[in-house]
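Undergrad: only geometry, no sequence info:
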């Protein structure tokens, strides 16, 4: 999410369901990115990755930006912003064009990508990313850089990611009301992959699962290109809600319990019980930690099972020899 701009600071904003995070970085003269400011604030106004209260979201963005600005000692004018949510859709598409002068030019590549993205979309959806996967020049398949190759027919397969127009506009509006211009919108798992996957993993084939507060974002990379992506509106807050309902305790206390003792496997500490305040005078409840572990285990199993079904349905397992990398807040 951070672009190299020598001599300038760059800012990225992650507008998540549970927190807003802002990072300000600077490109040094040697080309390395140096983080000079970080800001974080609880996120009020989002549900499952989608803004449902612009006023609350704006205040959260302002607070996170001000914290980052104070640390960096510079002001934020524009930022690259992440997007996620259940409205995100993705699919592969192909396009074909004739090569004009028998040698593939950049113009031919641009035309074939335009042909691949010429698809019918619902009015409420728009294209966020068009990511080339590979090209085919005549009978030569799996060409990753077709520029300069000779042939008469150029075909491209691309990965297209779309999002709801309203959701993107709400993100842009919230940032602008907070005093920040949106320079670009990036799908969350693309940013996560750039942060935590190594080039060799992306080359050999690997999956990434970013479990946030409101959504779990999944992607698969092979040959250095994204091959599949999926957003599931099931994540950390669902663990918390399950604990709150299952143990009969307030949501806030369930979140604290999850952060302090949360695990999908039983260990020695989970043999004990803890007293939870119910929020009124004298109101406490003794909770066996083993009960919480059982609740967390079943929800974690459900999330993994859903992505396992996705992998099996689209026959993606062969694209993941390096396995699955799990990340998140």
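TA: Arrived safely, thanks for sending. What you are looking at is a predicted structure, and each value in this text was computed from that prediction instead of being measured. Numbers count the residues shown, from 1 in each chain.
Undergrad: What distance do you get for the closest residue to residue 105 other than its chain neighbours to residue 106?
TA: Spatial nearest neighbour of residue 105, excluding adjacent residues (C-beta to C-beta, 6 or more residues apart in numbering): residue 147 at 7.4 Å. In short, each C-beta sits where N, CA and C put it, glycine included. Relative to residue 106, residue 147 is positioned 6 Å away (C-beta to C-beta, to the nearest Å).
Undergrad: and the two? which has more neighbours close in?
TA: Between residue 147 and residue 106, residue 147 has the larger neighbour count (other C-beta atoms under 10 Å), namely 12 against 9.
Undergrad: separation between the more buried one and residue 227?
TA: 22 Å.
Undergrad: go on, residue 303?
TA: 21 Å.
Undergrad: got it, and residue 78?
TA: Taking C-beta to C-beta, one finds residue 78 at 31 Å from residue 227.
Undergrad: cool, residue 296 as well?
TA: Distance, residue 296 to residue 227, using C-beta to C-beta: 31 Å.
Undergrad: and what of residue 102?
TA: Using C-beta to C-beta, one gets 30 Å for the distance from residue 102 to residue 227.
Undergrad: which of these two has more neighbours?
TA: Neighbour totals were compared for residue 102 and residue 227, and residue 227 leads with 21 against 9 (other C-beta under 10 Å).
Undergrad: does the closest residue to that one other than its chain neighbours sit in a helix, a strand or a coil?
TA: With C-beta to C-beta, 6+ apart as the criterion, residue 227 has its nearest non-adjacent residue at 4.9 Å, and that residue is residue 220. Following DSSP: H, G, I helix; E, B strand; the rest coil, the label given to residue 220 is strand.
Undergrad: Run through the helices of this protein in chain order.
TA: 54-72, 106-116, 165-177, 188-196, 199-204, 236-247, 251-261, 289-313 (DSSP state H).
Undergrad: give the contact list for residue 236.
TA: Neighbour list for residue 236: 18, 211-214, 328-329 [criterion: C-beta atoms under 8 Å, 6 or more residues apart in numbering].
Undergrad: gap between it and residue 263?
TA: 14 Å.
Undergrad: next one: residue 158
TA: For residue 158, the distance to residue 263 - C-beta to C-beta - is 41 Å.
Undergrad: If you count surrounding residues, which of these two has more?
TA: residue 158 (23 against 15).
Undergrad: hey, what's that one bridged with?
TA: Counting by DSSP bridges, residue 158 forms beta bridges with residue 93, residue 132.
Undergrad: Cross-check the contact I'm expecting between residue 265 and residue 294.
TA: No - here residue 265 lies out of contact with residue 294, judged by C-beta atoms under 8 Å, at a distance of 10.7 Å.
Undergrad: Looking at the two, which one has more neighbours?
TA: The neighbour comparison of residue 265 against residue 294 (other C-beta under 10 Å) goes to residue 294, with 15 against 9.
Undergrad: Now do the contacts for residue 299.
TA: So residue 299 contacts 238-239, 242 (C-beta under 8 Å, 6+ apart).
Undergrad: Please repeat the previous calculation with a cut-off of 10 Å.
TA: By C-beta atoms under 10 Å, 6 or more residues apart in numbering, the residues touching residue 299 are 234-236, 238-243, 246, 264.
Undergrad: Out of these, which end up buried?
TA: The neighbour count (16 or more other C-beta atoms under 10 Å) marks 234-236, 238-240, 242-243, 246 as buried among the contacts of residue 299.
Undergrad: And those, which two are furthest apart?
TA: Farthest-apart pair in the buried ones among the contacts of residue 299 is 235 and 246; separation 17.3 Å (C-beta to C-beta).
Undergrad: how near is the closest residue to residue 217 other than its chain neighbours to residue 325?
TA: Sequence neighbours aside, residue 189 is the residue nearest to residue 217 in space, at 3.8 Å (criterion: C-beta to C-beta, 6+ apart). For residue 189, the distance to residue 325 equals 11 Å [C-beta to C-beta].
Undergrad: Ok, residue 284 next?
TA: Residue 284 is 40 Å from residue 325, by C-beta to C-beta.
Undergrad: Give me the more crowded residue out of the two.
TA: Per other C-beta under 10 Å, whichever of residue 284 and residue 325 has more neighbours is residue 325, with 18 against 12.
Undergrad: what's the closest non-adjacent residue to the residue positioned nearest the centre of the chain?
TA: With distances taken as C-alpha atoms, centre = their mean, residue 188 lies nearest the centre of the chain, 2.1 Å away. Spatial nearest neighbour of residue 188, chain neighbours left out: residue 84 (4.2 Å); criterion: C-beta to C-beta, 6+ apart.
Undergrad: Could you do residue 162 as well?
TA: Leaving out its chain neighbours, the residue that sits closest to residue 162 by C-beta to C-beta, 6+ apart is residue 125, at 4.5 Å.
Undergrad: ok, now residue 159?
TA: Nearest to residue 159 is residue 131, by C-beta to C-beta, 6+ apart, at 4.5 Å.
Undergrad: Go through stretch 158-166 and flag the buried ones.
TA: Of the residues in stretch 158-166, those with enough neighbours to count as buried (16+ other C-beta under 10 Å) are 158-164.
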